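> I would like the atomic coordinates for the input below:
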Amino acid sequence: MDEIDLRILAALQESFPLVERPFMELAESLGIEEDELIRRVSRLKELGLIRRIGPILDLRRLGMIGVLVAMKVSPEDADIVSSVVNEYDEVSHNYLRPNDSGYNLWFTISAPAERVDEIISEIRSRTGRKMLVLPTIKIFKIGVKFDII
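Predicted coordinates for the structure are as follows:
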């Protein structure tokens, strides 16, 4: 990875031009050719440095809600329970975070309210686990930009 790659990553985390030729416009702002930019972005994606290029949606405007869910799961059962949670496309991510409360498997669900209730009910039924469901009340910040150059 060189200085141009770092400048590309910095530019892409800021925004993506909504124009007829977005890669051309971005390439021009970086002082490189469009083909070089596309080749470099493809390589950065293959390397896992770029996971995706896409919008951050306002779920509430789409008629959806978001919830953060926590479960108490023993370390021995974590893989089994997380595999159940991972079956739902509406779950964006989950992770283990041990703490004193015992709630250690955390995940988020984003969907219409009825579907969120359905998913929670199914996961509770399938895992037999106690769940703590925390609905999103207010969004204070979304997105993060890393100081990479």
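
> I'd like to know which elements the helix-or-strand element of the chain with minimal mean pLDDT is packed against.
Ranking every helix and strand in the chain by mean pLDDT, DSSP states H and E puts strand 91-96 at the bottom, with a mean of 92. When contacts are defined as 3 or more Cβ pairs under 8 Å, 6 or more residues apart in numbering; DSSP states H and E, strand 91-96 packs onto helix 78-85, strand 105-111. Heads up, the C-betas are built off the backbone N, CA and C, glycines and all.

> can you redo those as a markdown table with mean neighbour count?
A markdown table is the format used below for the helices and strands packed on strand 91-96 (neighbours: other Cβ atoms under 10 Å):
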| stretch | mean neighbour count |
| --- | --- |
| helix 78-85 | 15 |
| strand 105-111 | 20 |
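
> Switch those over to a markdown table; also include mean pLDDT.
Formatted as a markdown table, these follow (pLDDT from 0 to 100):
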| stretch | mean pLDDT |
| --- | --- |
| helix 78-85 | 96 |
| strand 105-111 | 96 |
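
> Tabulate those (TSV), appending distance to K141.
Shown next, in TSV, are the helices and strands packed on strand 91-96 (distance: least, Cβ to Cβ, whole Å):
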stretch	distance to K141
helix 78-85	25
strand 105-111	15
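
> what about those, which gets the closest to L18?
Of all the helices and strands packed on strand 91-96, strand 105-111 sits nearest to L18, with 23.5 Å by Cβ to Cβ.

> Neighbours of L132, how many?
Neighbour count of L132, defined by other Cβ atoms under 10 Å: 13.

> Looks like Y95 contacts W106 (just checking).
Yes - counting by Cβ atoms under 8 Å, Y95 touches W106, with 5.8 Å between them.
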